[in-house]
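Chemist: this one's sequence-less:
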């Protein structure tokens, strides 16, 4: 796993996720599989890297109820983050990006419903996800 770098390359977007959430870690594995350019990088919200990055970007204490997507120093959360992420996937998954035209009041309501119930519906791990060896270079700790 990589350590925080002061010269973090902005062309490599970062996904911060709840590392103990089964739905979240499964989603990260999905992103790793369909991000063929391998430009997405990841860190759990529980990591020191995420805490330092969020502090540097002046984002309030991590909210473990949302995915946080950072691209070009811009911070996105909830459904906006999910839609922005799909731009980095292969087709047909990339087409999900066009759902961003649905009003945020609707997409964030759905996002919040799933997020609120994710542990009950999908379960929770005792420890943060440990990436497979071929993916370790894309994770910050």
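Modeler: Perfect, I can see it now. As the structure is a prediction and not an experimental result, all values here were calculated from the model.

Chemist: what's the distance between the strand or helix carrying residue 24 and the middle of its chain?
Modeler: Secondary structure from DSSP states H and E places residue 24 in helix 22-34. How far helix 22-34 lies from its chain's middle: 9 Å, per C-alpha atoms, centre = their mean, to the nearest Å.

Chemist: Need the residues that contact that helix.
Modeler: With contact meaning C-beta atoms under 8 Å, 6 or more residues apart in numbering, helix 22-34 is reached by 15, 17-19, 40, 42, 67, 85, 88-90, 93, 114, 118, 121-125, 129, 131, 135, 138. In this view, the C-beta of every residue, glycine as well, is placed from N, C-alpha and C.

Chemist: Look at residue 95 and give its secondary structure.
Modeler: helix (DSSP: H, G, I helix; E, B strand; the rest coil).

Chemist: which ones are touching it?
Modeler: With contact taken as C-beta under 8 Å, 6+ apart, residue 95 is in contact with residue 86.

Chemist: Offset the numbering so it begins at 24, please.
Modeler: Renumbered: residue one is now 24, and that last one reads residue 118.

Chemist: So it versus residue 57, what's the distance?
Modeler: Using C-beta to C-beta, to the nearest Å, residue 118 is found at 12 Å from residue 57.

Chemist: Kindly report the same for residue 47.
Modeler: The value you get for residue 47 to residue 57, if C-beta to C-beta is used, is 16 Å.

Chemist: for the chain, what spans make up the strands?
Modeler: 37-40, 64-67, 91-94, 97-100 (DSSP state E).

Chemist: what's the model's confidence in the last one, averaged?
Modeler: Meaning strand 97-100. Summarised as a single mean, pLDDT over strand 97-100 is 93.

Chemist: mind listing what it pairs with, with the direction of each?
Modeler: strand 91-94 (antiparallel) (DSSP bridges).

Chemist: Please point out which parts of the partner strand sit buried.
Modeler: 91-94 (16 or more other C-beta atoms under 10 Å).
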